[in-house]
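1. this one's structure only:
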């Protein structure tokens, strides 16, 4: 079984500052890991995914995340926040290639960007 | 490729009425999932189809919810009769068999039961 925790339900950063959204997971099998973003009144958009290839994953809009097995973490970062990054971010996990496990979401982190 | 399409995008119904949500997955995606987010809470899994078969329906809240995927193409999720606590956003997602490409989500259906 898989589960996800996200530290901080709300994060505020200044425009131009580093964005760091934390995610820790638990999984009984080698996981696939994802970050999704939901902008106001929109659906869920995939930012990036880890599927057992490179541990540093680059996504859209300048975001990246690093898979650290020893820490069971998959934190999301962006060097410089933009106002348009204000949204809700969800970390998610699923079982790997041989598993039928569905994707399990974390509770989400709401990111605010202060001008 | 076309994305996952859901409709309607919004639905407002009265308590006790019936509503049917539809999801058209990406062509060729055998896996289809339904999720919902109620009152800004966590996104919760409802069920998973592999082609036309229900692989996992452990998240279905009760027997007022009925999901179908005839022919392994589009899926419908019917709520009958709707209750106030069913209000929320219902998301559909699809993925390839190996899920390497991740799960592609639709824009969701916002259901309001009054």
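-> That came through fine. This one's a predicted model, so the numbers in the text were calculated from it and none came from an experiment.
2. count of neighbours near the closest residue to residue A:44 other than its chain neighbours?
-> Using Cβ to Cβ, 6 or more residues apart in numbering or on different chains and skipping residues adjacent in sequence, the residue nearest residue A:44 is residue B:105, 4.0 Å away. For every residue, glycine as well, the C-beta is placed using N, CA and C. A count of nearby residues for residue B:105, using other Cβ atoms under 10 Å in any protein chain shown, gives 24.
3. got the phi and psi for residue B:105?
-> Backbone torsions for residue B:105, taken as degrees, to the nearest 10, come to phi -100, psi 150.
4. do the same with residue B:84
-> Torsion angles, degrees, to the nearest 10, at residue B:84: phi -60, psi -40.
5. from what I see, it and residue B:39 are in contact.
-> No: at 10.6 Å, residue B:84 and residue B:39 do not qualify as touching, with contact defined as Cβ atoms under 8 Å.
6. give me the residue from chain A nearest chain B.
-> Residue nearest to chain B within chain A: residue A:43 (3.5 Å; Cβ to the nearest Cβ).
7. and that residue, what's its pLDDT?
-> pLDDT for residue A:43: 84.
8. if I pick the closest residue to it other than its chain neighbours, what's in contact with it?
-> The shortest distance from residue A:43 to any non-neighbouring residue, by Cβ to Cβ, 6+ apart, is to residue B:107 (3.5 Å). Applying Cβ atoms under 8 Å, 6 or more residues apart in numbering or on different chains to residue B:107 gives the contacts A:42-43, B:6, B:9.
9. same deal with residue A:49?
-> Counted by Cβ under 8 Å, 6+ apart, residue A:49 has contacts A:32-35, A:57, A:59, B:102.
10. farthest pair within the residues you listed?
-> Spatially, the most separated pair among the contacts of residue A:49 is A:32 and A:59, at 14.2 Å (Cβ to Cβ).
11. of those two, who's got more company?
-> residue A:32 (26 against 17).
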